[in-house]
Each structure stands twice: as C-alpha cells, then as structure tokens.
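Colleague: With the sequence up front, the predicted model follows.
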Amino acid sequence: MTSMNVARRAGEIDRDYYRRTGIFPMMHTIVIRRELLRDHPGLAHGVFHAFSQAKDAAAERYRQSRRLYQVQTMIPWMNALVDCNGEEFPEDWWPYGIAANRAALNTCLRYHHQQGLTSRQWRIEDVFAAESLDT
C-alpha cells in the first residue's frame with residue numbers, strides 16, 4: 001500500500017470514529033507540577049487562558065489569510081481540506097478545556113484501565129487540577 005493510500009485510509013478511519021463517537025482525539029495535554037499549583041493559585045487557569053488565546057489567534061490568522069495560494073503552509077489543496085473539515089467538524093476542531101473534552105477524556109481513562117495501564121478506573125477529577133475542572 002502506498003503512503004498516499006495509508007494516509008487516506010487513516011483519515012477515513014479517523015472520520016468514521018468521529019462520526020460514531022463524537023470524539024476527535026486531542027493533540028496535547030499540559031502538565032503542571034502539583035507543587036507549582038499549590039504555590040501559585042490560579043496558575044492552571046492562567047496557563048489555560050494563555051494557550052486558548054494563542055490557539056484562537058492562530059486560527060483567526062489562518063481564517064484571515066485563506067485566500068487562494070496565500071495560506072501560510074505549502075500543503076497542496078489545504079483550503080479544500082479545511083472546507084471539507086468545516087462541513088464535518090465543529091468550528092473549533094481542537095477545543096480546549098475539560099467540558100469540551102469530557103467524552104474523550106473519560107474514554108481515554110476507561111481505555112487506560114481496560115488495557116491494564118492503570119490499576120483502577122481513574123476519574124477526570126483524579127487526574128486534573130481542581131481549578132481546571134470548570135474549563
């Protein structure tokens with residue numbers, strides 16, 4: 001199978017999973033040491049808001065420069081791909097925060113336990129800073 005076919009098939013599998021579950025896998029998480037959270041109340045919220053603002057600025061910059069052949073990437077057919085994704089996904093493809101990712105987080109924690117990576121089924125409240133639970 002060619003790399004193009006592998007990439008296409010992977011995209012089809014990802015889209016099918018999203019259609020069936022409503023879950024689009026997260027790209028990253030942010031980890032902050034417990035000592036820092038203890039010593040700096042509000043740090044988790046501050047970091048969350050800083051990353052959210054950066055993501056929103058990047059998305060807006062892309063939307064503003066979407067004129068044909070003026071995007072900031074060298075990927076052929078990027079605008080067509082963005083249009084296609086826009087029809088299938090919500091406007092914010094990678095939402096930040098617990099609320100927007102609750103289903104994906106619970107699924108990840110369930111898989112961790114089912115696959116023997118954790119000795120018990122962890123809850124979101126067990127692994128995320130209390131002050132971030134309202135994000």
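Modeller: Everything's here; your move.
Colleague: any idea how far Gly86 is from Ile75?
Modeller: The gap separating Ile75 from Gly86 is 16 Å, by CB to CB, to the nearest Å. (Glycine included, C-beta is placed from N, CA and C.)
Colleague: now for the longest helix belonging to the chain, which elements pack on it?
Modeller: Scanning the chain for the longest helix, with DSSP state H as the assignment, gives helix 43-64. For helix 43-64, the elements it packs on are helix 34-39, judged by 3 or more CB pairs under 8 Å, 6 or more residues apart in numbering; DSSP states H and E.
Colleague: Which strands or helices does the helix it packs on pack on?
Modeller: Helix 34-39 packs on helix 43-64, going by 3+ CB pairs under 8 Å, 6+ apart.
Colleague: and the helix it packs on, which residues are buried?
Modeller: Neighbour-count burial for helix 43-64 flags Leu43, Ala44, Val47, Phe48 (criterion: 16 or more other CB atoms under 10 Å).
Colleague: ok, now stretch 102-121?
Modeller: Buried residues in stretch 102-121 (16+ other CB under 10 Å): Ala104, Leu105, Cys108, Leu109.
Colleague: and which of those residues is nearest Ile124?
Modeller: Leu105 (5.4 Å; CB to CB).
Colleague: quick one: that closest one and Gly42, what's the gap?
Modeller: Taking CB to CB, one finds Leu105 at 22 Å from Gly42.
Colleague: wait, what's in contact with the most centrally placed residue in the chain?
Modeller: Central residue of the chain (CA atoms, centre = their mean): Met26, 3.0 Å from the mean position. Taking CB atoms under 8 Å, 6 or more residues apart in numbering, we find Met26 in contact with Trp94, Asn101, Ala104.
Colleague: Show me the residues you listed that map onto helices.
Modeller: Reading helices off the contacts of Met26 with DSSP H, I get Asn101, Ala104.
Colleague: Tell me the one of the contacts of Met26 nearest Glu35?
Modeller: Asn101 (25.3 Å).
Colleague: name the element the closest residue to Arg120 other than its chain neighbours belongs to?
Modeller: With CB to CB, 6 or more residues apart in numbering as the criterion, Arg120 has its nearest non-adjacent residue at 6.5 Å, and that residue is His113. Secondary structure assignment for His113, by DSSP states H and E: helix 98-114.
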